[in-house]
Structures are given as structure tokens and as C-alpha cells.
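Asks: Sequence and predicted structure are below.
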Amino acid sequence: MFEEAVARLTSVPAAVHGLTGRGVIQVGAAADLLLIDRQGLGVGDTRFVSDFPAGTGRLVIDAHGYEASIVNGEVLLQGGVHTGALPGQVLPPERGPG
């Protein structure tokens, strides 16, 4: 069940959008990983933040149990704190949905 949920959030969208080497853990694929503490996984507080341009805002629901986010092999978030790394890239328009 958990593994199926992970696939629906990773490999399935990557395949639908033709993003080869994404959404899977295999040799040659991008090293995009999310380390999860399944015992600590849960929903936190809901809060409103005004961090969009022109002062517009959004609701943010905090979460627990996400230990690290790794993008292209670099640790982006660790313990909920941004490391300063910016390893991502914008996909060209022909790679997006449509």
C-alpha cells in the first residue's frame, strides 16, 4: 500500500510526462530522493503565509517525518531546513504536459 502510494507520486507522473530517468531508483537516473521516517510521518499545523508577490498568501500545512530531500544527488532539505543547495533545473517546454 505505501509503496503503491509512492509510485503514484513519483514514477507514474514521470512516465505520464515522458520524464525519463525520473521517478525511479536505478543506475543512470537522476538521484532525486525523499527520505521518510514512516513512524514519524504525520500532519502538522495549518498556517497562512503571505510570501507570494504583491503580498498574496496561501495556506501551508506542515508535515512531520520527512528527514531529507535530495535533488540531483545534492541534499536540498535536511530536517526541514534548506541547505542552500539549488541543484534543480527548469524543464524545457517540450518536456512538460501537453
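Replies: In hand now; what should we look at?
Asks: all contacts plus neighbour counts: C-alpha atoms, from now on.
Replies: Will do.
Asks: Assign a three-state SS to the residue sitting furthest away from the middle of the chain, would you?
Replies: For the chain, the residue at maximal distance from the C-alpha centroid (Cα atoms, centre = their mean) is residue 54, at 25.9 Å. At residue 54 the chain is in helix, as set by DSSP: H, G, I helix; E, B strand; the rest coil.
Asks: While we're on it, how confident is the model there?
Replies: Predicted confidence (pLDDT) at residue 54: the value is 88.
Asks: quick one: the strands in the protein?
Replies: Per DSSP state E, the chain has strands spanning 33-36, 42-49, 58-64, 66-71, 74-78, 81-82. These are given in chain order.
Asks: residues in contact with residue 77?
Replies: With contacts taken as Cα atoms under 8 Å, 6 or more residues apart in numbering, residue 77 has the following neighbours: 67-70, 83.
Asks: go again using 7 Å as the cut-off
Replies: For residue 77, the contacting residues are 68-69, 83, by Cα atoms under 7 Å, 6 or more residues apart in numbering.
Asks: Now, of these, which are buried?
Replies: With neighbours counted by 16 or more other Cα atoms under 10 Å, the contacts of residue 77 contain buried members at 68-69.
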